[in-house]
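>>> quick one: sequence and predicted model below, then my questions.
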Amino acid sequence: MQPKAPPRAELSLCAVCASRKALIAWLRFPHDQYRMTSSVYTATQIATERCHFWLFMLFALLFLGAGIGLRDPWPSDEPRYALAAQQMVASGDWLFPHRGTELYADKPPVLMWVEAATFEVVRNWRVAFLLPSLLAGLMSLALTYDLGRRLWNPRVGLFAACALLSAFQFVYQVKRAQIDPLVMGWITLANWGLLLHFLRGSNWRAYWFGCFAAGVGVITKGVGFLALLMFVPYAFARFRGWDVTRTSRATLHWLGGALAFLAAIALWLLPMLIAANARGGTEYSVYVHDILFHQTAQRYAESWDHAQPFWYYIPIVTLAWLPMSLGYIGAVPLWMRDLKARDARLLLPLAWSALLFLFFSLPHGKRDMYLMPAMPMIALALAPYLQEMIAARWLRVTAFAMALFFGVVFATSGLLALGGHPPHAIERLVEQRDMGDLKSMLWYMLAAIGAAFVVAAAWFRTQRGVHALLVGIGALWIAWGLWACPLLNDSSSAAGVMRKVGIIIGPDAELGMVAWKEQNLLMADRPARDFGFSRPPPQQFADAVRWQSQAPQKRWIFILDTATGNCVDRSRATPIGHANRRDWLLFRADAVVPGCVPATAQSLPATIPARD
């Protein structure tokens with residue numbers, strides 16, 4: 001018999017009390033709280049667990065959202081997607097992303113759509129370009145929690161979400177506007193629907209929804225189909241008689257998943273193909289071929305960028321996923337025990353993560369963020385054992401030692417720099433960014449982060465070493481968002497360089513760009529003329545000089561320093577500054593050497609590499 005629900009006033013009082021208990025639970029990770037294994041909960045228990053979840057999401061929003069609105073897009077990928085989104089809004093052409101005057105065929109348009117759509121809501125690009133990653137990160141956390149809650153209990157769900165939020169790479173990538181956090185969100189949503197159907201009894205709506213989410217992942221970044229690899233461990237478990245969902249005479253229902261998957265892809269693919277055919281021309285034919293073949297199967301098979309060894313991802317899943325990865329030590333024997341007991345709740349996420357690891361390890365080209373979709377599933381598999389492991393002395397001492405180590409390193413680096421003796425690596429980083437007087441503020445930030453780690457270690461001691469480490473990490477991410485991002489923005493985003501360009505040429509001048517990067521066109525204070533992005537720089541230079549000669553008094557050319565060769569009289573050109581590890585020049589028509597083709601530019605690649 002279901003318990004009678006208490007009146008609204010009593011529920012409100014329960015919620016207030018539960019909020020206080022939730023805060024204590026967050027700080028102490030108490031080991032003596034109840035573990036709900038029954039499917040029937042009292043109203044107080046439900047209110048308490050809901051408060052735990054929403055308090056956690058509030059902390060997550062603080063860590064992940066700190067700094068939004070305080071910086072512009074940074075290379076290598078952020079300006080590219082923001083520029084395409086900005087041009088979508090300006091032109092009204094949302095089917096075909098552009099990079100300046102060229103079609104951009106490296107990625108499908110979903111991320112650019114979301115950035116453009118969020119801009120239409122908030123009307124601020126500094127906020128809009130980061131919102132898709134933030135929303136994807138919060139969605140991944142909520143789905144990970146919900147899977148833990150449904151497959152085990154709410155306590156396990158909370159530990160799963162906490163483990164995911166603690167991982168360094170998760171927060172670092174979600175605080176950036178690359179495509180991988182959004183792909184992780186779609187794949188996690190797909191896994192959520194598939195796991196509910198595979199493990200909790202027949203749930204065709206969840207299954208179809210999961211397949212649809214996988215299709216959206218495909219039109220975000222080809223690899224969204226990897227969510228469907230969850231069928232492999234499910235088929236194994238079902239064949240071997242494990243406790244998974246079994247169906248009979250449901251062929252059409254299973255095929256409905258394939259239909260949902262293809263329907264999601266068709267939402268973009270069919271209109272794109274129809275429009276490309278209607279517009280005609282070589283440019284659109286090349287775009288269709290590149291987006292469907294060159295940038296998908298061919299790129300995976302040939303891997304012409306980011307060459308790495310087969311074992312590249314081993315340090316990623318151990319070091320970049322700290323401190324979540326500390327749980328491997330205690331979890332591996334428990335995983336083996338429960339897998340021998342045929343616990344499909346562990347088999348499916350672990351086997352799927354292993355397949356993902358193998359898939360991305362096989363090609364020659366690799367990047368650290370490719371494996372991000374596996375993080376929620378690993379956190380989910382760790383969660384049932386984390387409460388027990390946090391009580392273990394080895395983990396508490398290890399976490400305490402890490403907090404103290406990070407504190408000493410950060411504090412010492414900051415204090416040495418303030419004393420005029422910065423560590424070589426940090427000094428080189430600052431010199432590359434030409435920060436000037438602002439670098440002292442960076443030294444203060446390092447010292448403050450170190451102090452936060454040390455104070456947390458002294459406060460919590462070894463008895464609560466995990467808490468000390470998490471508090472220090474939280475301070476690190478808040479300082480990064482609110483302190484470091486504004487300090488580094490001008491040199492990292494090209495905002496400072498392009499602001500200087502606008503001042504020099506004046507409000508009525510026209511601006512052309514040669515051998516430019518996406519951040520330059522994005523941050524220009526006026527509509528700028530480009531002469532292609534992928535074209536060889538000598539061809540860009542020749543076209544730019546012809547364009548400039550038509551109105552020499554008001555047209556300026558902004559160019560990469562090394563792309564000028566000997567064709568620009570540097571005594572008449574204006575050095576703009578250093579940004580993104582490059583030097584830039586600005587010149588008028590009187591600085592051009594007549595009839596000259598920049599020989600140095602001929603040695604530059606036809607397509608400037610995507611990664612800075």
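Sure, I can see it. Numbering: from 1, shown residues only.

>>> neighbours around the nearest residue to K554 once chain neighbours are set aside, how many?
Distances taken as CB to CB, 6 or more residues apart in numbering put A509 closest to K554, at 5.1 Å, once the chain neighbours are dropped. (C-beta placed from N, C-alpha, C; glycine too.) Neighbours of A509 under the rule other CB atoms under 10 Å: 16.

>>> so A509 sits against Q553, correct?
No. A509 is beyond contact range of Q553, at 9.1 Å (criterion: CB atoms under 8 Å).

>>> got the contact list for the residue nearest to K554?
Neighbour list for A509: K554, R555, W556 [criterion: CB atoms under 8 Å, 6 or more residues apart in numbering].

>>> quick check: which ranges of the protein have low pLDDT?
1-41, 296-306, 432-437, 599-612 (pLDDT under 70).

>>> which helix in it runs the most residues?
helix 251-279 (DSSP state H).

>>> quick check on V514: phi, psi?
phi -130, psi 140 (degrees, to the nearest 10).

>>> correct me if wrong: it contacts T562.
No. Counting by CB under 8 Å, V514 stays clear of T562, with 11.2 Å between them.

>>> mind listing the strands for the chain?
98-99, 102-103, 510-514, 529-530, 555-560, 574-579, 582-587 (DSSP state E).

>>> D146: neighbour count?
17.

>>> neighbour-wise, which of V514 and T562 wins?
Shown here are V514 and T562; by other CB under 10 Å, V514 has more neighbours (26 against 16).

>>> what's near enough to touch W204?
W204 touches H197, H253, G256, counting by CB under 8 Å, 6+ apart.

>>> which of these count as buried?
H197, G256 (16 or more other CB atoms under 10 Å).

>>> can you list the contacts of W204 in CSV and add distance to P594?
Formatted as CSV, the contacts of W204 follow (distance: CB to CB, whole Å):
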residue, distance to P594
H197, 71
H253, 73
G256, 68
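
>>> between the contacts of W204, which sits nearest G414?
Nearest to G414 among those is H197, at 51.3 Å by CB to CB.

>>> tell me how far that closest one lies from A374.
20 Å (CB to CB, to the nearest Å).

>>> T220 too?
From T220 to A374 the distance is 17 Å (CB to CB).

>>> cool, and T144?
Relative to A374, and taking CB to CB, T144 is found at 12 Å.

>>> looking at the two, which is more packed in?
A side-by-side neighbour count of T144 and A374, using other CB under 10 Å, places T144 first with 29 against 24.

>>> shouldn't that one be in contact with L158?
No. Contact criterion CB under 8 Å: T144 and L158 do not qualify, at 9.9 Å.

>>> give me the neighbour count for the residue nearest to V156 when sequence neighbours are not counted.
Nearest non-adjacent residue to V156, counting by CB to CB, 6+ apart: G148, 4.3 Å away. Residues lying near G148 (other CB under 10 Å) number 26.

>>> what sits against G148?
P154, V156, G157, L158, F159, A160, A161, L380, A383, P384.

>>> scan those and report the most crowded one.
Result: L380 is most packed of those (other CB under 10 Å), 32 neighbours.

>>> looking at it, it is touching A160, isn't it?
Yes. Counting by CB under 8 Å, L380 does reach A160; the two are 4.9 Å apart.

>>> tell me, what's touching the two both at once?
In contact with both L380 and A160: T144, L147, G148, using CB under 8 Å, 6+ apart.

>>> show me what contacts L111?
L111 touches Y81, P132, I179, L182, T220, K221, counting by CB under 8 Å, 6+ apart.

>>> now do the second one against A117, distance only.
The spacing between P132 and A117, counted by CB to CB, is 9 Å.

>>> how about the first one?
Applying CB to CB, the value for Y81 to A117 is 13 Å.

>>> now swap in N580 and tell me
Taken as CB to CB, the span from N580 to A117 is 28 Å.

>>> cool, P422 as well?
Counting by CB to CB - P422 and A117 are separated by 43 Å.

>>> who has more neighbours, the two?
P422 (21 against 16).

>>> quick one: contacts for the closest residue to K221 other than its chain neighbours?
Distance criterion CB to CB, 6+ apart; nearest residue to K221, sequence neighbours excluded, is V183 at 4.7 Å. Shown in contact with V183 (CB under 8 Å, 6+ apart): G217, T220, K221, V223, G224, M372, P373.
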